[in-house]
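Visitor: coords please:
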Amino acid sequence: MASPKYLTGDQSAINEFIDQFDVFLFDCDGVLWSGDHLFPGTVETLELLRSKGKKIVFVTNNSTKSRAEYQKKLTTLGIPSNVDEIFGSAYSSAIYISRILKLPAPKNKVFVLGEAGIETELKTEGVEYIGGTDPAYRRDVTPDDYKGIADGSLLDDNVGVVLAGLDFHINYLKLCHAYHYLRRGAVFLATNTDSTLPSNHTFFPGAGSISIPLVNMIGREPTALGKPNQAMMDSIEGKFQFDRKKTCMVGDRLNTDIKFGIEGKLGVPL
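Guide: Residues are numbered from 1 along each chain as shown. As a prediction, this is how the structure comes out:
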């Protein structure tokens, strides 16, 4: 296997590398920034690629923000973008549920473990949901909850999907509801299965840590709709119509970003 080539400072080699590709897929957290800290050279690099006519797509597993909210973050950090350049796991999940899974009504409602980003993207696709940021689920479990969940009186008969994303208010009550929906046959989906997320120069529990209790309870994994799952790659390719061999994935995690690029048969994962 050829040794990696060090490009820094070699402008000719940098240009040669860039010219191989038409499209660059960028992970965001940990690649362009960490928390609210923008990494040096980020804006200049993106400007260079745009000046060469390259297509840029921001591909993130962060499900807490909708595409519009993510664009606001990019703008705040000084990164020019438009909503159509952003492809997040919340959006990918909404697309999958509405256009691919297409459960028959009325049993097509989604029980959400997650934040407002998921809810916004589900609304955009016309998908009904419960749970999520509803304050009714942000409390301690009670004896009446146990009784009502057990006999089904507190469950919605129209829930056909449990979608697990990063939930900053995960609790026992939400897990009880999700578990019993899954026991009743609901489809088990996850926005992504990252065990951790980068922020403030360290790591914190990620969306994958939210779904793990359910995995342990029901004994099976969810269908994941973020990186490295190829359902996300297929959706991105379908939207942007690019040649995979002329596309470069730029990321920081071997088990998500780089695996995403390799299994997607992109030109080079970086």
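Visitor: pass me the low-pLDDT residue ranges in the chain, would you?
Guide: 1-3, 269-270 (pLDDT under 70).
Visitor: where does the closest residue to Glu221 other than its chain neighbours sit: helix, strand or coil?
Guide: Closest residue to Glu221 apart from its sequence neighbours, by C-beta to C-beta, 6 or more residues apart in numbering: Val215 at 5.9 Å. From N, CA and C alone the C-beta is placed, and that goes for glycine too. Going by DSSP: H, G, I helix; E, B strand; the rest coil, the secondary structure assigned to Val215 is helix.
Visitor: okay, buried residues for the helix or strand encompassing Asp234 please.
Guide: Assigning secondary structure by DSSP states H and E places Asp234 in helix 230-240. Neighbour counts using 16 or more other C-beta atoms under 10 Å place 231-233, 235-237 of helix 230-240 among the buried residues.
Visitor: what's the farthest-apart pair in these?
Guide: The largest separation in the buried residues of helix 230-240, counting by C-beta to C-beta, is between Ala231 and Glu237 at 10.9 Å.
Visitor: which of the helices or strands spans Phe17?
Guide: helix 11-18.
Visitor: buried sites along that helix?
Guide: For helix 11-18, by 16+ other C-beta under 10 Å, it's Ile18.
Visitor: so in that sheet, which strands flank the helix or strand that it is followed by, and in what orientation?
Guide: Per DSSP H and E, the first helix or strand lying C-terminal to helix 11-18 is strand 23-26. Using DSSP bridges, strand 23-26 pairs in its sheet with strand 55-60 (parallel), strand 247-250 (parallel).
Visitor: closest one to His201 among the ones you listed?
Guide: Using C-beta to C-beta, the nearest of these to His201 is strand 55-60, at 18.9 Å.
Visitor: check the offset of that closest one from the chain's centre.
Guide: 12 Å (C-alpha atoms, centre = their mean, to the nearest Å).
Visitor: can you tell me what sits against it?
Guide: 22-29, 46, 49-50, 70, 74, 81, 85-89, 227, 232, 236, 240, 242, 249 (C-beta atoms under 8 Å, 6 or more residues apart in numbering).
Visitor: now the helices for the stretch 101-250 of the chain?
Guide: For the stretch 101-250 of the chain, the helices defined by DSSP state H, counting those that start in this stretch cover 116-124, 143-151, 172-183, 207-218, 230-240.
Visitor: quick one: distance of the last one to the chain centre.
Guide: For helix 230-240, the distance between its averaged C-alpha position and the chain's averaged C-alpha position is 13 Å (C-alpha atoms, centre = their mean).
Visitor: kindly calculate the angle that it makes with strand 55-60.
Guide: Angle of helix 230-240 versus strand 55-60, following axes from the mean of the first three to the mean of the last three C-alpha atoms, to 10 degrees, is 150 degrees.
Visitor: contacts for helix 230-240?
Guide: Here helix 230-240 has contacts from 23, 25, 55, 57, 59, 87, 89, 92, 95-96, 100, 223, 225-226, 244, 260, 263-264, using C-beta under 8 Å, 6+ apart.
Visitor: and for the third one?
Guide: When contacts are defined by C-beta under 8 Å, 6+ apart, helix 172-183 is touched by residues 111, 113, 131, 137, 139-141, 145-146, 149-150, 154-155, 159, 162, 164, 167, 188, 213-214, 217-218.
Visitor: any chance of a PyMOL selection covering the buried ones in the residues you listed?
Guide: Burial among the contacts of helix 172-183 is assessed by 16+ other C-beta under 10 Å; the matching PyMOL selection reads:
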select buried, resi 111+113+131+137+145+149+154+155+159+162+164+167+188+213+214
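Visitor: distance check, Glu115 against Arg50.
Guide: 31 Å (C-beta to C-beta, to the nearest Å).
Visitor: sorry, back to before: among the contacts of strand 55-60, name the buried ones.
Guide: By 16+ other C-beta under 10 Å, the contacts of strand 55-60 give 22-29, 46, 49, 70, 74, 81, 85-89, 227, 232, 236, 242, 249 as buried.
Visitor: Tyr129 and Ala116 touch, don't they?
Guide: No. Assessed by C-beta atoms under 8 Å, Tyr129 is found out of contact with Ala116, at 11.3 Å.
Visitor: in terms of neighbours, single out the busier of the two.
Guide: Taking neighbours as other C-beta atoms under 10 Å, Tyr129 and Ala116 compare with Tyr129 leading, 20 against 16.
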